[in-house]
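Give the three-dimensional model of this entry:
(one chain, ligands or ions: 1)
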Amino acid sequence: MLIISYCFRMIAMKHNVLRYLRKTGVRNITISARSVQETYSEESAGKHLPLTYLSENEIAMKETVARLAHEQIRPYVREMENEGKLKESVIKMLFENGLMGIEIDPHYGGAGCNFMTTILTIEEIAKVDPAVSVLVDIHNTLVNAVIKKLGTDEQKEKYLPRLATDTSSSFALSETTSGTDAFALRTTAKKDGTDYILNGSKMWISNSDIAGLFLVMANANPTEKVQYWGIWVKATKLLQDFLNEGRIGIASQMIGLAQGCFDATIPYTLERTQFGKPIFSFQSMQHQISQIATQIECARLLTYNAARLVEAGLPFVKQAAMAKYYAAEVAQQTCIKCIDWMGGVGFTKDFIQEKFYRDVKIGSIYEGTYNIQLSTIAKHLEKEYKH
Ligand SMILES: Cc1cc2nc3c(=O)[nH]c(=O)nc-3n(C[C@H](O)[C@H](O)[C@H](O)COP(=O)(O)OP(=O)(O)OC[C@H]3O[C@@H](n4cnc5c(N)ncnc54)[C@H](O)[C@@H]3O)c2cc1C
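Numbers count the residues shown, from 1 in each chain. Here you go, the predicted model:
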């Protein structure tokens with residue numbers, strides 16, 4: 001079912017995260033308190049670890065990515081936005097620092113980190129620019145993950161080193177007539193000697209303008225679908241597993257976006273005065289701000305829990321759907337509220353809240369709409385209560 005259409009671009013580079021961490025000595029890097037989520041050391045964590053407990057490597061990566069996003073993405077957010085294009089230097093930076101091969105084995109030039117590290121990376125980048133974050137998300141949680149887990153040794157040798165070092169990718173599932181009903185796809189893959197010939201068209205494919213590798217979903221047994229429906233079901237189940245993991249990535253993008261918008265807004269509420277007082281000091285403002293802060297924290301806990309379930313090899317589908325649904329909902333609410341708290345200036349392009357507000361809408365649509373997440377949750381609830 002999965003056909004890889006591949007063409008190389010860009011020049012190979014040999015870097016990975018751990019090498020980068022050693023080179024820069026990131027443990028000593030200090031970043032603004034607001035940009036770094038509170039973390040716990042091993043000593044303080046005690047026997048039962050809180051969900052926000054991170055390993056040393058995870059903390060190091062989180063801090064490094066926060067710094068890179070601040071220094072090497074933030075200055076170009078407006079420029080990229082105006083041009084409608086990701087800057088080449090930003091993409092190069094992602095590769096050079098191992099952020100495009102986070103879970104790829106070091107044997108193939110990747111960083112060899114865990115799933116949680118991918119989730120933290122997506123979150124940190126989304127705090128600064130959700131558009132860059134989704135490139136990292138799709139590349140790592142969908143394309144790299146599929147090849148890493150389902151690819152043959154030959155495919156891994158061929159594709160993973162390039163995906164880790166210099167080649168962006170796209171995940172092509174949606175078509176004009178198949179969106180939510182993804183498995184109604186019409187694109188076919190016909191065997192032709194050792195190759196497959198793809199026939200069909202795709203729509204909405206993120207980052208297709210910069211991708212050097214397209215992971216194209218196609219039906220390799222279109223005429224045999226009914227006869228061999230078992231194979232079809234098996235293939236769709238495999239794909240669904242990846243989409244379920246990918247949802248945790250989007251949840252992470254949404255909590256990063258929400259946190260980024262919140263971080264950009266609260267200082268304004270502390271500085272802006274009306275009636276001779278900072279607007280933050282009004283109780284009705286404080287209550288709204290506290291509600292949003294609590295909701296972001298809840299969304300983060302759902303997301304981290306879903307990620308840890310994946311790592312532990314435990315069932316995670318319901319939790320992934322809850323995380324994605326709730327994080328997208330909270331992120332929308334956060335952006336709406338932040339603009340309210342900014343007053344008129346929040347409505348203008350002079351402030352970043354307006355971009356976050358536009359970027360946030362997609363979170364409830366791609367990788368499964370709200371309705372689909374809720375249906376997934378309901379399916380699990382039905383099973384749980386029937387038995
Ligand atoms: C910016 C952007 C980037 C994207 N990137 C990618 C990408 O990289 N790769 C890719 O393959 N796709 C991508 N997509 C496509 C995206 O995944 C689809 O848009 C999404 O799955 C919804 O499909 P649709 O747009 O066809 O909506 P539809 O499926 O037509 O849904 C319309 C509405 O009907 C509801 N609905 C449909 N079926 C049901 C049901 N059974 N029960 C309840 N409600 C239902 C939906 O919830 C939704 O509210 C992207 C889309 C956008 C807008």
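
For residue 192, see how far away residue 220 is.
Distance, residue 220 to residue 192, using C-beta to C-beta, to the nearest Å: 12 Å. Quick note: C-beta positions are derived from backbone N, CA and C, even for glycine.

Neighbour count: these two, which is higher?
residue 220 (16 against 8; other C-beta atoms under 10 Å).

ok, and the closest non-adjacent residue to residue 293?
Computed as C-beta to C-beta, 6 or more residues apart in numbering, the closest residue to residue 293 that is not its neighbour in sequence is residue 262, at 7.1 Å.

Could I get the pLDDT score of residue 282?
Looking at residue 282, its pLDDT reads 98.

where's it relative to residue 183, distance?
51 Å.

so is the residue of the stretch 101-250 of the chain found nearest the ligand in a helix, a strand, or just coil?
The nearest approach of the stretch 101-250 of the chain to the ligand comes at residue 179, 1.7 Å away (C-beta to the nearest ligand atom). Per DSSP: H, G, I helix; E, B strand; the rest coil, the secondary structure class of residue 179 is coil.

how many neighbours does it have?
For residue 179, using other C-beta under 10 Å, the count is 16.

give the contact list for it.
By C-beta atoms under 8 Å, 6 or more residues apart in numbering, residue 179 lies in contact with nothing.

quick one, what contacts the nearest residue to residue 142 once chain neighbours are set aside?
Distances taken as C-beta to C-beta, 6+ apart put residue 171 closest to residue 142, at 4.2 Å, once the chain neighbours are dropped. Neighbour list for residue 171: 138, 142-143, 205-206, 215 [criterion: C-beta under 8 Å, 6+ apart].

So for residue 171, what's the pLDDT?
Per-residue pLDDT puts residue 171 at 97.

now the one 5 residues further on
In this model, residue 176 is scored at 97, pLDDT.

Which stretches in the stretch 51-200 of the chain count as helices?
Assigned by DSSP state H, counting those that start in this stretch, the stretch 51-200 of the chain shows helices spanning 56-68, 77-83, 88-96, 115-128, 130-137, 145-150, 153-165.

Could you do the stretch 201-350 of the chain as well?
For the stretch 201-350 of the chain, the helices defined by DSSP H, counting those that start in this stretch cover 229-271, 283-312, 317-342.

thinking residue 121 is in contact with residue 61, fair?
Yes: with contact defined as C-beta atoms under 8 Å, residue 121 counts as touching residue 61 (6.5 Å).

Return the set of buried residues in stretch 267-281.
268-269, 279-280 (16 or more other C-beta atoms under 10 Å).

quick one: contacts of that stretch?
266, 285-286, 289, 341-343.

May I see those arranged in JSON lines, with neighbour count and distance to the ligand as well?
Below are the contacts of stretch 267-281 laid out as JSON lines (neighbours: other C-beta atoms under 10 Å; distance: C-beta to the nearest ligand atom, whole Å):
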{"residue": "266", "neighbour count": "16", "distance to the ligand": "29"}
{"residue": "285", "neighbour count": "15", "distance to the ligand": "33"}
{"residue": "286", "neighbour count": "13", "distance to the ligand": "35"}
{"residue": "289", "neighbour count": "18", "distance to the ligand": "30"}
{"residue": "341", "neighbour count": "21", "distance to the ligand": "27"}
{"residue": "342", "neighbour count": "20", "distance to the ligand": "25"}
{"residue": "343", "neighbour count": "13", "distance to the ligand": "29"}
